[in-house]
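**Student:** I'd like to go over a predicted model; first the sequence, then the structure.
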Amino acid sequence: MAPYVLSILMFSMGLGTMLTFASSHWFMAWMGLEINTLAIIPLMAKSHHPRATEATTKYFIIQAGAAALILFASATNAWMTGEWDIKQLTDPLATNMVMLALALKLGLAPLHLWMPEVLQGMTLTTGLIIATWQKLAPMALVYQIAPMVSPTLLVALGVASALVGGWGGIDQTQLRKLLAYSSITHMGWMIIVLKFMPGLMLLNLLIYILMTSTVFVALKELSATKINALALAWTKAPTLTALLMLAILSLAGLPPLTGFMPKWLILQELANQDLPLVATLMAMTALLSLFFYTRMCYAMTLTISPGTNSSYTTWRLYKARKHLPLALITTGTLTLLPLTPAMTTML
């Protein structure tokens, strides 16, 4: 893809997201979502592979349907109440329709079925954009309408997403599908605490983007798209592989890594809200996710001496390159837990 075309598409994605961020009118917010979707479509289909074309088509249909539902629900609310303001979403039917449409855009269970298939057909770079940047605009709208949405609906979406993300990733061997189910799980953790402590949801979103970016970039450097490929990673880049293992464990939420911070604070907040059963269920779903994260780490340690390599070594010419952004986000992914008291004072 030509650099000028790529820069225009990236600028359009940023413009669409910022337009949604700055909007207080439903029509302008919908327009930002549409610009965002249309800008990423060429990036998804640029490889011209049949899987990429299929994934792009699925993504476009799902996102267009969700955007149409948002526009219909906001028009219904304007018809019933005379208000187009995002924070004046007072009609119950319109509120639930908008929330379900945004859940479809985010890939929350039970509206998640498109997410693993779309990510599987993408390159790791495009998958990173879908798993991180494309979540920002819908999450901004969810954040604004959260006071009007039923807490029962949000808790149900959160628990279902955590369960589906945990169960769905257990039998996967494709890393992009694993990260898709990981995204579904983390979205569930964010949604479940949104009604009670919105600032904690924002903190969780930022840490999720940091950790997911680290894993995607490291996998791209190792050219790994399957769990079997991780078994050959140690001989190519031992330091990067060791850091990737720690980043995956941070994504799983193990202390003393950064990923433990949002899970700890969310479980504490759920307990403070007199929801011990929900907190226990969410903690148990974290064990499901931990299983497939640990599988990834186990695959990376199989060929470390004195282990034997049972896989065919692929032909490769690997050049050790210095990457300052990867070093910075890896440091953040692994070492932010001691800053938890400072983070909580900012919420």
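**Tutor:** That came through fine. Numbering: from 1, shown residues only.
**Student:** Low-confidence bits of the stretch 201-347 of the chain, can you list those?
**Tutor:** By pLDDT under 70, the weakly predicted segments of the stretch 201-347 of the chain are 303-322.
**Student:** switch the cut-off to 90
**Tutor:** 221-241, 253-256, 289, 292, 295-347 (pLDDT under 90).
**Student:** Distance check, the closest residue to Val142 other than its chain neighbours against Leu33.
**Tutor:** Among residues not flanking Val142 along the chain, Leu102 sits closest, at 5.2 Å (Cβ to Cβ, 6 or more residues apart in numbering). For every residue, glycine as well, the C-beta is placed using N, CA and C. For Leu102, the distance to Leu33 equals 9 Å [Cβ to Cβ, to the nearest Å].
**Student:** that older thread, same for the host helix or strand of the residue nearest to Val142, what does it pack against?
**Tutor:** Using DSSP states H and E, Leu102 maps to helix 92-106. Helices and strands touching helix 92-106, by 3 or more Cβ pairs under 8 Å, 6 or more residues apart in numbering; DSSP states H and E, are helix 50-81, helix 133-145, helix 151-169.
**Student:** hmm, 6 Å instead?
**Tutor:** Taking 3 or more Cβ pairs under 6 Å, 6 or more residues apart in numbering; DSSP states H and E as contact, the helices and strands that helix 92-106 lies on are helix 50-81, helix 133-145.
**Student:** Quick one: closest of those helices to Pro151.
**Tutor:** Of all these, helix 133-145 sits nearest to Pro151, with 13.0 Å by Cβ to Cβ.
**Student:** so what are the domain limits for this protein?
**Tutor:** By the assignment in automatic domain parsing, the chain contains the domains 1-145, 150-306+321-347.
**Student:** Tell me who's in contact with Pro137.
**Tutor:** No Pro there; residue 137 is Ala. Thr17, Thr20, Leu33, Asn36 (Cβ atoms under 6 Å, 6 or more residues apart in numbering).
**Student:** Neighbour-wise, which one of the residues you listed leads?
**Tutor:** Highest neighbour count within the contacts of Ala137: Leu33, with 28 neighbours (other Cβ atoms under 10 Å).
**Student:** Which residue is the nearest non-sequential neighbour of it?
**Tutor:** For Leu33, the closest residue by Cβ to Cβ, 6+ apart turns out to be Ala67, at 5.3 Å.
**Student:** neighbours of the one you found, just the number please.
**Tutor:** 19.
**Student:** Just confirm Ser23 contacts Met31, I think it does.
**Tutor:** No. At 8.0 Å, Ser23 does not count as touching Met31 under the criterion of Cβ atoms under 6 Å.
**Student:** Please consider this matter closed, and thank you.
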